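Novice: Fold the following, please.
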Amino acid sequence: MSEENIAMSQVYQWLSEISDPEIPAVSILDLGIVRDVILIDDGAEISVTITPTYSGCPAMDLISMQIRMALMSRGFKKVHIEMQLAPAWTTDWITEKGKAKMKAYGIAPPIRKAKDALGLFEEDEVECPHCHSFHTEMVSQFGATSCKSMYRCLDCKEPFEHFKCH
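Specialist: Below you'll find the predicted structure:
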């Protein structure tokens with residue numbers, strides 16, 4: 001494969017088809033974990049730099065394998081996956097499209113920037129993704145994964161997860 005045969009926009013399209021294993025409605029591009037893509041050796045090789053949402057995130061091995069398989073199946077002979085830990089991933093990198101997909105999937109997305117002006121975290125007013133009420137309460141600081149917390153809506157009574165802001 002040569003660089004002339006492949007447009008970078010096509011590579012990003014292929015990456016947008018890879019879902020996050022923990023939130024299948026959201027792509028790895030929607031989450032903002034893809035930091036860089038570089039074509040090497042006239043396009044015979046490609047390097048993709050990714051940042052985990054949490055250090056030690058168990059989904060990163062699967063995501064790396066999915067990236068490798070998607071690109072090799074499209075003709076790349078060598079695929080390099082680089083893990084970049086700094087700067088640390090932040091929920092600020094989730095696209096608006098990604099947040100909308102989370103909400104449609106039943107997960108309340110993060111709604112503010114990672115820290116306030118003083119550099120402090122404060123609790124969100126979390127909107128129920130089912131009935132859109134803000135009359136909600138945290139049930140547990142941890143949900144099915146460490147990046148989410150469990151909430152319950154006091155109006156529709158439905159439980160839901162909230163993607164923590166960080």
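
Novice: which residues touch the closest residue to residue 95 other than its chain neighbours?
Specialist: Among residues not flanking residue 95 along the chain, residue 30 sits closest, at 5.2 Å (CB to CB, 6 or more residues apart in numbering). Glycine gets a C-beta too; all of them are placed from N, C-alpha and C. Shown in contact with residue 30 (CB atoms under 8 Å, 6 or more residues apart in numbering): 16, 20, 94, 95, 97, 98, 101.

Novice: Just the helices from this structure, written as ranges.
Specialist: For the chain, the helices defined by DSSP state H occupy 8-16, 28-31, 59-72, 96-105.

Novice: could you dump those helices to CSV with mean pLDDT?
Specialist: Listed next are the helices of the chain as CSV, based on pLDDT from 0 to 100:
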stretch, mean pLDDT
helix 8-16, 94
helix 28-31, 97
helix 59-72, 96
helix 96-105, 96
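
Novice: As TSV, the ones you listed with distance to residue 144 would be great.
Specialist: Putting the helices of the chain into TSV (distance: least, CB to CB, whole Å) gives the following:
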stretch	distance to residue 144
helix 8-16	24
helix 28-31	16
helix 59-72	12
helix 96-105	13
